[in-house]
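Trainee: Quick one: sequence and predicted model below, then my questions.
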Amino acid sequence: MRYQFRFQDGRKWRHNVELQPQEEDRGPSPLPLWTRLDFHQCMHCPLSPESTPNCPYAALLVAPVEMLAQSPSYEQVEVEVRSRGRETRQSTSMQRGLGSLVGAIGATSDCPHMRLLKAMAWFHLPFSGSDETLYRVFGTYLLGQYLRGQRGLSADWSMGGLREAYRNLRLVNLGMTNRLRATMVEDSGPNGMILLDLLAADTLYSLDQYEGELDRYFTTFFE
């Protein structure tokens, strides 16, 4: 998948998100100090600096951070996303465009707490809203449980595992926000992460206290 940002001064910047990143896709060598695992490491990170010197999520953010760090979150940009033979364009703020990009990057990283999002990354939906995110999260998780059952594995139909995963995801977003704040001049990177956290928080709330947000789309199922 490819993201292209077109700035108001005519500049363009492209970034490819590899759905199955290879070693050469994990950033330049040597990686900057802020990608070190122990630099503002997430409080619940199961990795150790001895075995994993660099945060696998942060390592994939080096190019976006270097290019976009000087752009304030409110700057208007044209974003074009090409994925699976489709093209999506939107005029939006740097914050929202960067939030969509880093969300895709995180889902393809080797961060242990992002593993659940890998399936969603294959069917990435740029700039998705709350209802769209909730639909994709529920659908992806439940399909995954069905496929587990088809293989004779236990299935989590109560979605308790999904709740735990999204609690962990919120902590990852917090950790990455702290990491980016410590290294960036402008606020577009941290604000992009905050946008992701708002979506994660909204999804977690719906998991814990579902109030029929998606019911109107499924009326035929209730007949």
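Mentor: Perfect, I can see it now.
Trainee: Quickly find the element holding the residue most central in space within the chain.
Mentor: Central residue of the chain (C-alpha atoms, centre = their mean): residue 103, 2.0 Å from the mean position. When elements are assigned from DSSP states H and E, residue 103 belongs to helix 94-108.
Trainee: and what of residue 4?
Mentor: Per DSSP H and E: residue 4 is located in strand 2-6.
Trainee: so what does that strand touch, helix or strand wise?
Mentor: Counting contacts by 3 or more C-beta pairs under 8 Å, 6 or more residues apart in numbering; DSSP states H and E, strand 2-6 is packed against strand 12-16, strand 76-83, helix 94-108. No exception for glycine: its C-beta is placed from N, CA and C like everyone else's.
Trainee: Provide the strand pairings for that strand, with the direction of each partner.
Mentor: Based on DSSP bridges, the pairing partners of strand 2-6 within the sheet are strand 12-16 (antiparallel), strand 76-83 (antiparallel).
Trainee: looking at these, which is buried most?
Mentor: Of all the strands paired with strand 2-6, strand 76-83 carries the top mean neighbour count, a mean of 18, counting by mean count of other C-beta atoms under 10 Å.
Trainee: residues in contact with it?
Mentor: With contact meaning C-beta atoms under 8 Å, 6 or more residues apart in numbering, strand 76-83 is reached by 1-8, 71, 87-94, 97, 100, 124, 126-127.
Trainee: Could you rerun that using 6 Å?
Mentor: For strand 76-83, contacts defined as C-beta atoms under 6 Å, 6 or more residues apart in numbering pick out 1-7, 88-91, 94, 97, 124, 126.
Trainee: quick one, phi/psi of residue 74?
Mentor: phi -90, psi -10 (degrees, to the nearest 10).
Trainee: Tell me, how many residues neighbour it?
Mentor: 11 (other C-beta atoms under 10 Å).
Trainee: so where is the protein shaky, pLDDT-wise?
Mentor: Along the chain, the parts satisfying pLDDT under 70 run over 21-29, 69-70, 184-206.
Trainee: Do a quick rundown of the helices in it.
Mentor: Assigned by DSSP state H, the chain shows helices spanning 56-59, 62-68, 94-108, 118-121, 130-150, 160-181, 188-208.
Trainee: Quick one: closest of these to residue 217.
Mentor: Each of these has some distance to residue 217 by C-beta to C-beta; the shortest is helix 130-150, at 7.5 Å.
Trainee: for that closest one, packing partners?
Mentor: helix 118-121, helix 188-208 (3 or more C-beta pairs under 6 Å, 6 or more residues apart in numbering; DSSP states H and E).
Trainee: Now do the strand holding residue 4: everything it contacts.
Mentor: Residues outside strand 2-6 that contact it (C-beta under 6 Å, 6+ apart) are 12-16, 77-82, 101.
Trainee: do that again at 10 Å, thanks
Mentor: Strand 2-6 is touched from outside by 11-17, 64, 67-68, 71, 75, 77-83, 87-89, 91, 94, 97-98, 100-101, 104-105, 126, with contacts defined as C-beta atoms under 10 Å, 6 or more residues apart in numbering.
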